[in-house]
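Enquirer: Structure of the sequence below:
(chains A and B)
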Protein chains: 2
Amino acid sequence: MDKIYVIKIGGNIIDNDEKLSSFLDTFVSIKENKILVHGGGKLATRMAEQLKIPQQMVNGRRVTDAETLKITTMVYAGSVNKNIVALLQQRGCNAIGLTGADANLITSQKRINREIDFGFVGDVEKVDGIMIKKLIEAGLTPVIAPITHNGKGQLLNTNADTIAGETGKSLVSDYQLSLIYCFEKKGVLRNVDDDESLIKCINPGSFLELKKNNIISEGMLPKLENALAAVDAGVERVVIGRAEDLSSLINGTSGTTINHE
Amino acid sequence: MDKIYVIKIGGNIIDNDEKLSSFLDTFVSIKENKILVHGGGKLATRMAEQLKIPQQMVNGRRVTDAETLKITTMVYAGSVNKNIVALLQQRGCNAIGLTGADANLITSQKRINREIDFGFVGDVEKVDGIMIKKLIEAGLTPVIAPITHNGKGQLLNTNADTIAGETGKSLVSDYQLSLIYCFEKKGVLRNVDDDESLIKCINPGSFLELKKNNIISEGMLPKLENALAAVDAGVERVVIGRAEDLSSLINGTSGTTINHE
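Expert: Residues are numbered from 1 along each chain as shown, chains lettered A, B, ... in the order given. Next up, the predicted model:
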């Protein structure tokens, strides 16, 4: 089976021209198939400030009213996505920018939550791995923005980590798949303030142990649970680490690797 | 050869939910291959007002500084494009939203003008008709936003009429192509204030006659010159008329038809 990398980057890279440029240089140097999934929350927050649309975050998730959905769609699918696509084209990588609505790639359902109304936020229902494969086989590199749709004409703001995970899962029957989450830290740390306390490997057994002993921070728990679910669904490995270390995340010499072993 | 329709709509439709909805109903009812090209200038102007970025228009063209490019990219490629794609998906049409940067579809050059610096405005260089055909053959309906790129990492704001025309021309060796421009009027009028003064047919000979006698309004001249150039390049016919009349524009019973005959 061919290899494929699904790589997710967040605001700390997108928002920094120099870091983004260097990240994309490494990204295009990957010879195997690849998909880029991006967030852009920081830029959406800034645009909301400029437009004086108050933003509300609950447990790190953005409450998305109609005005905020418009902002996230503009920022994620418009400026961030197309800027990255143009920079990849400059580097000779035939990128295609997509939301979940495009080619009906990712359908989702509006989140139902009795306590908090998150508004136009979508929980992923289905990713069309067959269509993604078609695009890849046409020589294209998908760049996915965290906007999906419900099939009834409604766009929905959707968590980019989840999109990366579900996109990965949709491709496991066709590719040997690595899922790479880039964030600010070197990987999963025993002590969040100590970069040297990196946990290099996590498997289902050691995860339970780490969780029991409260070693994993609250913010990291859902990321790891998603990673283990992806591994369970056939993703070969999930690597969590810094975007700056992309090359070594890929060859497994930096970051935290989550797999079955 | 298979038929294909390249249809361009502007702000007067995009900006009106009811008209857009009705237009898209007719659009999806077209059984042949189709491509939608959209503008969105009115919405970009409104967003610029909200963000207090002054806009300058010269001869109907937007002077595009860096901030304005960001706005047009957000509005055209983000909110307008993805909203239309979601509405087409709702109607069972497998739309894919694209700019010229996506899949390297449309490259352009930054406009050089000694008198006026239009800023980040692109003149179309090349449309990749082969890639568009691949997408169509994958079962997709392209929805194109008027943003292109120069291959060097720079997005460029580009006239949607020109994109429709150049996209049409890139497909003439593979399809029997009709190019349909929707705007506010019933078509080309002898008297702009009289909807009944429609000129039903224009060919190269009658165009010269109309031009010589100053019957064609200044705003309509470049549209018609583009239309005749498209016909000259192998487009079967160009039809100009109201979006509300799409069905009859297609079957040739309304609007102005420009062809060789």
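
Enquirer: On the three-state scheme, the residue of chain A found nearest chain B is what?
Expert: Residue nearest to chain B within chain A (C-beta to the nearest C-beta): residue A:78, separated by 2.4 Å. Just so you know, the C-beta spots here come from the backbone N, C-alpha and C atoms, and that holds for glycine as well. Three-state assignment for residue A:78 (DSSP: H, G, I helix; E, B strand; the rest coil): helix.

Enquirer: Name the helix or strand for the spatially closest residue to residue A:55 that is not a sequence neighbour, please.
Expert: Among residues not flanking residue A:55 along the chain, residue A:48 sits closest, at 4.9 Å (C-beta to C-beta, 6 or more residues apart in numbering or on different chains). Using DSSP states H and E, the element containing residue A:48 is helix A:41-50.

Enquirer: What of residue A:70?
Expert: Per DSSP H and E: helix A:66-72 holds residue A:70.

Enquirer: ok, now which ones touch the residue of chain A closest to chain B?
Expert: Residues near residue A:78 by C-beta atoms under 8 Å, 6 or more residues apart in numbering or on different chains: B:73-79, B:81.

Enquirer: Looking at the residues you listed, which one is closest to chain A?
Expert: residue B:78 (2.4 Å).

Enquirer: okay, the residue nearest to that closest one when sequence neighbours are not counted: pLDDT?
Expert: Excluding the flanking residues, the one nearest residue B:78 by C-beta to C-beta, 6+ apart is residue A:78, at 2.4 Å. On pLDDT, residue A:78 comes in at 98.

Enquirer: roughly how far apart are residue A:115 and residue A:69?
Expert: Distance of residue A:115 to residue A:69, computed by C-beta to C-beta, to the nearest Å: 21 Å.

Enquirer: more crowded one of the two?
Expert: residue A:69 (20 against 5; other C-beta atoms under 10 Å in any protein chain shown).

Enquirer: ok, that one - contacts?
Expert: Counting by C-beta under 8 Å, 6+ apart, residue A:69 has contacts A:119-120, A:155-157.

Enquirer: got a markdown table for the contacts of residue A:78, with distance to residue A:144 too?
Expert: Output for the contacts of residue A:78, formatted as a markdown table (distance: C-beta to C-beta, whole Å):
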| residue | distance to residue A:144 |
| --- | --- |
| B:73 | 17 |
| B:74 | 18 |
| B:75 | 21 |
| B:76 | 19 |
| B:77 | 14 |
| B:78 | 14 |
| B:79 | 18 |
| B:81 | 15 |
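
Enquirer: Can you tell me which of those are buried?
Expert: Buried members of the contacts of residue A:78, scored by 16 or more other C-beta atoms under 10 Å in any protein chain shown, are B:73-79, B:81.

Enquirer: helices and strands around the helix holding residue A:48, which ones?
Expert: Packing partners of helix A:41-50 (3 or more C-beta pairs under 8 Å, 6 or more residues apart in numbering or on different chains; DSSP states H and E): helix A:11-14, helix A:66-72.

Enquirer: Recalculate using a threshold of 10 Å.
Expert: Applying 3 or more C-beta pairs under 10 Å, 6 or more residues apart in numbering or on different chains; DSSP states H and E, we find helix A:41-50 packed against helix A:11-14, strand A:61-63, helix A:66-72.

Enquirer: between those, which gets nearest to residue B:25?
Expert: Closest approach to residue B:25 among these (C-beta to C-beta): helix A:66-72, 23.1 Å.

Enquirer: how far out from the middle of the chain is the closest one?
Expert: Mean-position distance between helix A:66-72 and its chain equals 20 Å (C-alpha atoms, centre = their mean, to the nearest Å).

Enquirer: Let's test this: mean pLDDT of the helix holding residue A:70, rounded?
Expert: Rounded mean pLDDT across helix A:66-72 is 96.

Enquirer: and the stretch 151-261 of chain A, which residues reach chain B?
Expert: Residues of the stretch 151-261 of chain A lying close to chain B (C-beta under 10 Å from any C-beta of the partner chain) are A:151-156.

Enquirer: Just the buried ones among the residues you listed, please.
Expert: The neighbour-count test (16+ other C-beta under 10 Å) marks A:151, A:153-156 as buried among those.

Enquirer: Columns distance to residue A:246 on top of these, output as CSV?
Expert: Below are those laid out as CSV (distance: C-beta to C-beta, whole Å):
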residue, distance to residue A:246
A:151, 34
A:153, 37
A:154, 35
A:155, 30
A:156, 29
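
Enquirer: Looking at those, spot the one nearest residue B:102.
Expert: Taking C-beta to C-beta as the measure, residue A:155 is the one of those closest to residue B:102, at 17.8 Å.

Enquirer: Bridged to the closest one, which residues?
Expert: residue A:149 (DSSP bridges).

Enquirer: Report the contact partners of it.
Expert: By C-beta atoms under 10 Å, 6 or more residues apart in numbering or on different chains, the residues touching residue A:155 are A:64, A:69-70, A:72-73, A:77, A:99-101, A:108, A:120, A:122, A:147-149, B:79, B:82-83, B:85-87, B:89.

Enquirer: Look at residue A:143 and give its secondary structure.
Expert: strand.

Enquirer: Show the contacting residues for residue A:224.
Expert: A:188, A:202, A:207, A:210-211, A:216, A:238, A:240, A:256, A:258.

Enquirer: how about residue A:239, phi and psi?
Expert: Backbone torsions for residue A:239, taken as degrees, to the nearest 10, come to phi -120, psi 130.

Enquirer: my guess is it meets residue A:178, correct?
Expert: Yes. Using C-beta atoms under 10 Å, residue A:239 is in contact with residue A:178, at 6.6 Å.

Enquirer: So between those two, which is more surrounded?
Expert: Using other C-beta under 10 Å, the more surrounded residue of residue A:239 and residue A:178 is residue A:239, with 26 against 23.

Enquirer: does that one have beta-bridge partners, and which?
Expert: residue A:180, residue A:257.

Enquirer: The helix holding residue A:48 versus helix B:41-50: what angle between them?
Expert: Taking axes from the mean of the first three to the mean of the last three C-alpha atoms, to 10 degrees, one finds helix A:41-50 and helix B:41-50 inclined to each other by 80 degrees.

Enquirer: Going by neighbour count, which residues in helix A:41-50 are buried?
Expert: Buried, per 16+ other C-beta under 10 Å, within helix A:41-50: A:41, A:43-45, A:47-48.

Enquirer: and residue A:12, how many neighbours?
Expert: Residue A:12 has 17 nearby residues by other C-beta under 10 Å.

Enquirer: do residue A:261 as well
Expert: Residue A:261 has 9 nearby residues by other C-beta under 10 Å.

Enquirer: For the stretch 101-250 of chain A, which segments count as helices?
Expert: For the stretch 101-250 of chain A, the helices defined by DSSP state H, counting those that start in this stretch cover A:129-137, A:160-169, A:204-212, A:220-232, A:246-250.

Enquirer: any idea how far residue A:242 lies from residue A:23?
Expert: Taking C-beta to C-beta, one finds residue A:242 at 10 Å from residue A:23.
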